[in-house]
Each structure stands twice: as C-alpha cells, then as structure tokens.
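Undergrad: Quick one, structure for this:
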Amino acid sequence: MLLRRSHDISRLEAFSDAVFAFALTLLVVSLEVPKSYDALIGLMMGFPAFAFCFGLLVWIWYEHNLFFRRYGLQDPYTVFLNGVLLFVVMFYVYPLKFMFDSGFAHFLPQTSRGVIPMTLSQLARASAIYGLGYVAVFLMFGLLYHHAYRKRKELGLEPREVFDVKVFAGQQMVSVVVGLVVVLIAVIAPRRYAFISPMAFILMWPGHAIYESRVKKKREAFEGRLSASEMAPSI
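TA: Prediction:
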C-alpha cells in the first residue's frame, strides 16, 4: 500500500473542500422548509434520494482527499484537472438530485413529493447526460493519477509506490468504462429498454472485483521479482 505523504493542507485542497461543502449545501438548500405536518412527512419521504446524493458526493470527496494526501501535487496541470473535476461536481448537483428523485418517484410513488417521473425517452437522455458527468469525474481522477505517475521521480516514489499509482489510475478507469456503458445503453438501446441504462451502474461491483483480482495476481508476481532483486547480492 502506498504511504501517504503528510503535509499541511494546501490552498488548493482547502478551496476544493469549500467547493464540495458548497455542493452539499446546495442539496440541502433545494429542500423546502415544511410548513405543515403533511409537508414534513413529504420531506421525510425524500430522505432516500437525498441520502444517495449525499453519499455519492462524499465518495467523490473521499477519492479526491486520498489523491492529495498521497501526492500533494499543486502544479498548473494538477490545478487544471482539479478545476475541471470541481466544475463537473458543481454542475451536476441538481441533475444528480433530480435523477434520484425521479427514480424513487417511479419505483416508490409515495416518495414522489410532486416529482413527475420521466418517460422512457426522457430517462434515456437524462441517463446519457448523467453518465457523461460520471465519466468526466472519474476520467479526471484517472488523469490525476497518471500525472502523478509521470511525476514519480520528482515525488521520489519507490517501486511499490509506482506499482500502486498505476493500480489507482486503473481503478478510476474501470469506473470510466462503466459510465461509458451507461451512456452507450442510453443512446443505442431501444427506448423501451431505457430503464436498463441507470441500472447498468451496478456493473461497478463486478468490474472492480475483476480488476482487483487481476491486480492481486500482478502484485504477487511483482513482489516476487522485487524480493528477488532486493535479495540479490550487489556487485
């Protein structure tokens, strides 16, 4: 496991945390203050959709925090990639909330709170839009890790750390591939199968499981070669 490089929180990280906090605030602001008991119950019915949105944003923040705790890069290219990532997060806050609200309104009408479920045609287009945002977020993470790999000498990464940074980049690309599958289904599949598009995100689980299984085998082989080279007598 790659060791985290401890450092003080940079202005770039502090700014990013502020953006994530604002995005979470927008989720709360989008909720109206109940003015009656019925309104209160209606608001509570929307809790599942809010919880999913909150969890997804926290997950993205966690991935962001891991990268900067591990490498702490602050060069112009990192700032650019980080800026694109934050822009996508901010832009997709309300579309994200709508997707979950509409989904719960379709499968659990009692949680609709006045949200009109989408038609299959609308669901296909919305899934494509949301899938592209998902791809953009994890593509930025993948590019950030690829950039850290390019900077491996400046960062002083050891062989195991170089192996890990490539693994981390690969993990992000698995998520990108799943997002592309979602988009392709939304665009290509007949409209009567549009509901399959958002459900395709479940491929995250088998996709990452298969990837981790392959990484485990490669890591064992890598550790074997590394141990052999470390035990070899120096000339």
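Undergrad: Can you find the helix or strand of the protein with the lowest average pLDDT?
TA: helix 37-45 (a mean of 68; mean pLDDT, DSSP states H and E).
Undergrad: Can you name the secondary structure element that comes next after that one?
TA: Downstream of helix 37-45, the next assigned helix or strand under DSSP states H and E is helix 47-70.
Undergrad: Is Phe100 within a helix or a strand, and which one?
TA: helix 93-107.
Undergrad: Same check on Leu26?
TA: Going by DSSP H and E, Leu26 is in helix 11-29.
Undergrad: Return the distance of that helix from the chain's centre.
TA: Centre-to-centre, helix 11-29 and its host chain are 15 Å apart (Cα atoms, centre = their mean, to the nearest Å).
Undergrad: quick one, the helix or strand following the helix holding Phe100 and helix 93-107 angle?
TA: Downstream of helix 93-107, the first helix or strand assigned by DSSP H and E is helix 120-150. Interaxial angle of helix 120-150 relative to helix 93-107 (axes from the mean of the first three to the mean of the last three Cα atoms, to 10 degrees): 140 degrees.
Undergrad: Can you spell out which helices and strands pack onto whichever helix or strand comes after helix 120-150?
TA: Per DSSP H and E, the first helix or strand lying C-terminal to helix 120-150 is helix 152-155. If you count contacts as 3 or more Cβ pairs under 8 Å, 6 or more residues apart in numbering; DSSP states H and E, helix 152-155 packs onto helix 159-188. All C-beta atoms are positioned from the backbone trio N, CA, C, and that covers glycine.
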